[in-house]
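Student: 3D, please:
(4 chains)
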Protein chains: 2
Amino acid sequence: MSLEDSEFEYFCSLLEENTFKKKEYLLQSGQLCNHHYFIIECLVRTFYFDDSGTEKIVQFGIENWWVTNMDSFIKQKPSSVNIQALEPTTTLSIRKDILDSTYDKLPKIERLFRIITENWLIAQQRNSHFYMKASSKDRYFGLIKSIPNFTQRVPQYMIASYLDITPEYLSELRKTH
Amino acid sequence: MSLEDSEFEYFCSLLEENTFKKKEYLLQSGQLCNHHYFIIECLVRTFYFDDSGTEKIVQFGIENWWVTNMDSFIKQKPSSVNIQALEPTTTLSIRKDILDSTYDKLPKIERLFRIITENWLIAQQRNSHFYMKASSKDRYFGLIKSIPNFTQRVPQYMIASYLDITPEYLSELRKTH
DNA sequence: GAATTTCATTAAGATATCTTAAGAACGAAT
DNA sequence: ATTCGTTCTTAAGATATCTTAATGAAATTC
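Tutor: Here you go, the predicted structure:
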């Protein structure tokens, strides 16, 4: 499947360009997530606070990925997570209402997003299965291999949060590699 | 979005009904997954063998869920996992080639599967985040609450495999509830 | 229904991971 | 350069989880 030039151009006209400073939020919990972001340049994290007030990172997003809180975006309910830029960020985004009406006008766009969602699901499953079955150590080294310069771009305590281990223990793991 | 009666009827005509005996495979690793199954009645598990030959269960599927190995089905590559009936099973299934050509003929069906995939992704993410952050004990009690009669339907060592803990330790967890 | 196999429990000692607390390294602010 | 705050490391004792092995219970086979 591919778009005609004119279709591609039309689609691009629907996108907004956004910039965020380091530490700025793309989405805060409680808000309705109305944008689907395509990350041009940067690194973002998705996280929430657990009952004891500790930050829990559930996802990192990098260049060339779509990022949103699907649960809030699709079902139009308040987000339970925050999405925050960890680096100065540029994104292209499309609004929920515009996307929905574009589906009606241009079936090819609906197909595009069907395929994007399928690929996202596949990636999510692969990731989830790896996360479920691998040891902390393998998860750590798998993670830093999958994102370029990850250890330079993100403080270690955030990686520990994502892996759901303590920073102290992560420090231990790195030593014995 | 909803289908006209005639569209619904047409779509149904594309489905095959399948039955599987207990322990029979819907899909074996190495095969191409050509079917997307809708489970009418039963419980299936998706699993693989790790390097040391141990079964690792990555997913259970129940009534009214779609089950397939997306990675193999969508990308048409050999499956890395097995899908097996744990109970006598009835499914409706649609073949990959038929589904693809139906997308071209009936955009509403493409929409239907876009939405199914979106919902699947949302469920997968919710599940994955819970799995990543919860304790073994919470994961166990969360799991058995989410599937009716789960402890009666599935041997405990399979639940342990899914949770990635030993059956002995699961036994311990149940005791101290 | 006895024999066999599969599954679940229990317990002891081993390993993985956490908690707490302290010190070291680094960068930002003065 | 000094100070301060943040992040990372180290270590000791605590808790979670695993391994192994034995026993008991349930299901399956003959």
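Student: For A:E172, give its distance to A:A160.
Tutor: In this view, A:E172 and A:A160 are 11 Å apart by CB to CB, to the nearest Å. The way it works is simple: take the backbone N, C-alpha and C, and place the C-beta from them, glycine included.
Student: the more surrounded of the two?
Tutor: A:A160 (20 against 13; other CB atoms under 10 Å in any protein chain shown).
Student: and that one, what element?
Tutor: helix A:156-163 (DSSP states H and E).
Student: other SSEs contacting that helix?
Tutor: In terms of contacts (3 or more CB pairs under 8 Å, 6 or more residues apart in numbering or on different chains; DSSP states H and E), helix A:156-163 is packed against strand A:43-49, strand A:55-62, helix A:136-146, helix A:167-175.
Student: Dump that helix to CSV, keeping only the CA atoms.
Tutor: Taking Å, rounded to 0.1, in the frame of the first residue of the first chain, the C-alpha atoms of helix A:156-163 are listed here in CSV:
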residue,chain,number,x,y,z
GLN,A,156,20.1,5.3,35.4
TYR,A,157,17.4,5.6,38.0
MET,A,158,14.9,6.0,35.2
ILE,A,159,16.1,2.8,33.5
ALA,A,160,15.8,1.1,36.9
SER,A,161,12.2,2.4,37.2
TYR,A,162,11.3,1.0,33.8
LEU,A,163,12.9,-2.4,34.7
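Student: That one: which residues count as buried?
Tutor: Across helix A:156-163, burial judged by 16 or more other CB atoms under 10 Å in any protein chain shown covers A:M158, A:I159, A:A160, A:S161, A:Y162, A:L163.
Student: and the residue of chain A found nearest DNA strand C, how many neighbours?
Tutor: Closest residue of chain A to DNA strand C, CB to the nearest atom of the strand: A:Y169 (3.2 Å). Neighbour count of A:Y169, defined by other CB under 10 Å: 12.
Student: Do you know the pLDDT at it?
Tutor: pLDDT recorded at A:Y169 is 97.
Student: residues contacting it?
Tutor: A:S136, A:A160 (CB atoms under 8 Å, 6 or more residues apart in numbering or on different chains).
Student: Distance-wise, check it relative to chain B.
Tutor: According to CB to the nearest CB, to the nearest Å, A:Y169 and chain B sit 16 Å apart.
Student: likewise A:L92?
Tutor: 20 Å.
Student: likewise A:P155?
Tutor: For A:P155, the distance to chain B - CB to the nearest CB - is 19 Å.
Student: Would you confirm that A:T91 contacts A:L27?
Tutor: No - using CB atoms under 8 Å, A:T91 is not in contact with A:L27; the gap is 11.5 Å.
Student: ok, residues contacting the helix holding A:A160?
Tutor: Contact with helix A:156-163 is made by A:45, A:47, A:54-60, A:86, A:136, A:139-140, A:143-144, A:150-151, A:166-167, A:169-171, as judged by CB under 8 Å, 6+ apart.
Student: at 7 Å instead, please
Tutor: A:R45, A:E55, A:K56, A:I57, A:F60, A:S136, A:R139, A:Y140, A:L143, A:T166, A:P167, A:L170 (CB atoms under 7 Å, 6 or more residues apart in numbering or on different chains).
Student: Any part of it near DNA strand D?
Tutor: Yes - using CB under 7 Å from any atom of the strand, helix A:156-163 comes into contact with DNA strand D via A:Q156, A:Y157.
Student: between that helix and strand A:43-49, how many degrees?
Tutor: 60 degrees (axes from the mean of the first three to the mean of the last three CA atoms, to 10 degrees).
Student: and A:E55, what is it in contact with?
Tutor: Shown in contact with A:E55 (CB under 7 Å, 6+ apart): A:F47, A:F49, A:S161.
Student: Please read off the pLDDT at the second one from the model.
Tutor: A:F49 is assigned a pLDDT of 93 by the prediction.
Student: can you pull the buried residues of stretch A:98-118?
Tutor: Buried residues in stretch A:98-118, defined by neighbour count with 16+ other CB under 10 Å: A:98-99, A:102-103, A:106-114, A:117-118.
Student: Distance from the chain centre to that stretch, please.
Tutor: Here the centre of stretch A:98-118 is set off from its chain's centre by 20 Å, with CA atoms, centre = their mean, to the nearest Å.
Student: Contact distance from DNA strand D - what residues of chain A qualify?
Tutor: So far as CB under 7 Å from any atom of the strand goes, chain A lies against DNA strand D at A:P155, A:Q156, A:Y157, A:P167, A:E168, A:L170, A:S171, A:E172, A:R174, A:K175.
Student: If we use 10 Å, what do you get?
Tutor: Residues of chain A lying close to DNA strand D (CB under 10 Å from any atom of the strand) are A:135, A:151-152, A:154-161, A:166-176.
Student: residue ranges of the helices in chain A, please?
Tutor: Using DSSP state H, the helices found in chain A span residues A:5-13, A:70-75, A:96-105, A:107-133, A:136-146, A:150-153, A:156-163, A:167-175.
Student: Would you mind putting these into CSV with distance to B:K75 alongside?
Tutor: Shown next, in CSV, are the helices of chain A (distance: least, CB to CB, whole Å):
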stretch, distance to B:K75
helix A:5-13, 24
helix A:70-75, 21
helix A:96-105, 24
helix A:107-133, 7
helix A:136-146, 19
helix A:150-153, 26
helix A:156-163, 27
helix A:167-175, 33
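Student: The ones you listed: lowest mean pLDDT?
Tutor: Taking the mean pLDDT of the helices of chain A, helix A:5-13 comes last: a mean of 87.
Student: Pull the residues that contact that helix.
Tutor: Defining contact as CB under 7 Å, 6+ apart, one finds that helix A:5-13 is touched by A:L3, A:L106, A:K108, A:I109.
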